Each structure stands twice: as structure tokens, then as C-alpha cells.
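J.: Have a look; sequence and predicted model below, questions after that.
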Amino acid sequence: MKIIFLGAPGAGKGTQAEIVSERFGIPTISTGAIIRQAVKEGTPTGIAAKTYIDNGALVPDDVVVSIIQERLAAPDCKNGFILDGFPRTVPQAEALERMGIRPDAVISLEVDDEVIVSRMSGRRVCGECGATYHVVSLPPKREGACDKCGSALTVRRDDKPEVVCDRLRVYHETTEPLKGFYASLGLLLSVRGADSVGETTARTLRALGVKNA
Ligand code: AP5
């Protein structure tokens, strides 16, 4: 199963991808997480990407395509994978096609911008393992600490309100046209993402053909 999660920043792609990944036993590949790790480690890719990510802009297509090409060649991807945050431009989707990779389904999580802005202000992430929480909708068991590894939770640098507005603009201008791209291939599945995490998961699984979800 090869699944793509599309959606605005904060639409819940990472949250749903992690749940579906466990359910189907396939890895989630998040370009955002890979790039943030590269920034943290100070690799050449990370140094080149830092200014883009901090300003809510997209990292250039050639950089992201080569990251994905390398990751998809890993053995754990041979039975399928979930792409969270890739492709994000039509040229990236075309690059995926040129790699001979056609997804089985493209889930587009639909959430209004006002809901996104409020979600982002409450997001907390683990600086060590990258697990994501929300102060209201998905709080950790112990305030400020990751349930999985116990490390401190932080606010992502690009979750500042002014950067969130820029990310939403980039999404509408550059990423949203992908819906038309995948609709024309008959692969687009639109899923309402504005309700609770559990309801969104149930809708996502039903869209993927899972019975009794
Ligand atoms: P990336 O990390 O991919 O960020 P994003 O797409 O902006 O998405 P987010 O991670 O912010 O949100 P999400 O949809 O995963 O939501 P989440 O589940 O966390 O990319 C960051 C940057 O990297 C980009 O800006 C760009 O610079 C660069 N980049 C990455 N990929 C690239 C590419 N392909 N090309 C070029 N550049 C690229 O949920 C958000 C919050 O809401 C959480 O707190 C969560 O707990 C909560 N929540 C989730 N679902 C619900 C719900 N149903 N109800 C209530 N709360 C919820």
C-alpha cells in the first residue's frame, strides 16, 4: 500500500499517518521530520534548508526529491509506505511518477484555515523523538514531557503565528493544485479533518476501504 497524505500545515497529516502506519505495518516518511533532523545535525542539506523552513517557505524541489529517492530505496519501504508532506508541488509529484511510483491512494485532509491557526498554537513536539502532542486535544500524560521517551516538549520554530500564515499561503498557492493532479488520476480521497483525531482516523480508514472503521 502506498499512501500520500496531503493537507495544509497542521491539518493532521503526521498524526493520522502515524496511526495508519501502525495499523498497516508500513513506515511513514515525513520530509518535514527528515529535514528538521538534518537541520539539528547540521548536515549540508540541513544548513541549506534551515532558512526556508524557518520562514515557512518550501525547500527547493531538487533537494526534497533526492531526500525522498534515497529514503524510498530503503528495505523497509518494499511492502509500502506513507508519504507525509511529499509531494508538495506538482513538479515533486511528477518526479515521483518518473521514479515509477504511483500511489494507491491520496488522502487530502480538509481543515479550514481558522482551525489550523488554533491547532498550531497548541502543538508541542518532543525535541528528541519527534512525537507530536496538543495542549488541548492530545496532551501528554505528564505536562511538558514526552510520553514515549520522557524528553522535554517544545514549540516548533515554524509554529509562530506569523510563520503559520506564510505556510498557509504557500499551501494554497503551491500545494493545493496537487488535488487536481491526483483527482485527474482518480486517486484523490477527500477526508474531513476538522473533527477529533479519532473521528478523522475512522473517516480516513473508511476512505481507504477498511471495513467497520
Ligand atoms: P512539515 O513538517 O511537513 O509541516 P507541515 O506540512 O506544515 O505539516 P505539519 O507537520 O505542521 O502538520 P501536520 O499536518 O502533520 O499536523 P499534525 O499531525 O502535526 O514541513 C515543515 C517544513 O519543511 C515546510 O514548511 C517546508 O519548509 C519543509 N518541507 C517539508 N516537506 C517539503 C517538501 N515536500 N517540499 C518542500 N519543502 C518541504 O497536527 C498539528 C497539531 O494539531 C498537533 O498538535 C496535533 O496533535 C493536533 N491535531 C491533529 N489532528 C487533530 C484533530 N483532528 N483535532 C484536534 N487536534 C489535532
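T.: Alright, I've got the coordinates.
J.: Can you show me the CA trace of stretch 191-201 as PDB?
T.: The C-alpha trace of stretch 191-201 is given here as PDB (Å, rounded to 0.1, in the frame of the first residue of the first chain):
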ATOM      1  CA  VAL A 191     -11.500  13.400   4.100                       C
ATOM      2  CA  ARG A 192     -12.900  16.000   6.600                       C
ATOM      3  CA  GLY A 193     -10.200  16.600   9.200                       C
ATOM      4  CA  ALA A 194     -11.800  19.200  11.400                       C
ATOM      5  CA  ASP A 195     -13.300  16.900  14.000                       C
ATOM      6  CA  SER A 196     -11.500  14.800  16.700                       C
ATOM      7  CA  VAL A 197      -8.400  12.700  15.900                       C
ATOM      8  CA  GLY A 198     -10.500   9.500  16.400                       C
ATOM      9  CA  GLU A 199     -13.300  10.600  14.000                       C
ATOM     10  CA  THR A 200     -10.700  11.700  11.400                       C
ATOM     11  CA  THR A 201      -9.000   8.300  11.700                       C
END
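J.: Please, where are all the strands along the chain?
T.: Ranges of strands in the chain, per DSSP state E, are 2-7, 28-30, 81-84, 105-110, 123-126, 132-134, 153-154, 188-192.
J.: Reformat these as TSV; add mean pLDDT, mean neighbour count and distance to residue 146.
T.: Backbone N, C-alpha and C define where each C-beta goes, glycine included. As requested, the strands of the chain are exported to TSV (pLDDT from 0 to 100; neighbours: other Cβ atoms under 10 Å; distance: least, Cβ to Cβ, whole Å):
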stretch	mean pLDDT	mean neighbour count	distance to residue 146
strand 2-7	98	25	23
strand 28-30	97	21	17
strand 81-84	98	24	19
strand 105-110	98	21	24
strand 123-126	94	20	4
strand 132-134	93	19	8
strand 153-154	96	18	6
strand 188-192	98	18	28
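J.: could you dump these to TSV with distance to the ligand?
T.: Listed next are the strands of the chain as TSV, based on distance: least, Cβ to the nearest ligand atom, whole Å:
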stretch	distance to the ligand
strand 2-7	5
strand 28-30	6
strand 81-84	6
strand 105-110	7
strand 123-126	3
strand 132-134	3
strand 153-154	10
strand 188-192	10
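J.: Adding distance to residue 46, write those out as CSV.
T.: Formatted as CSV, the strands of the chain follow (distance: least, Cβ to Cβ, whole Å):
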stretch, distance to residue 46
strand 2-7, 23
strand 28-30, 15
strand 81-84, 19
strand 105-110, 27
strand 123-126, 17
strand 132-134, 20
strand 153-154, 17
strand 188-192, 32
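J.: Now do the contacts for the closest residue to residue 156 other than its chain neighbours.
T.: Excluding the flanking residues, the one nearest residue 156 by Cβ to Cβ, 6 or more residues apart in numbering is residue 125, at 5.6 Å. With contact set as Cβ atoms under 8 Å, 6 or more residues apart in numbering, residue 125 has these partners: 131, 132, 133, 153, 154, 155, 156.
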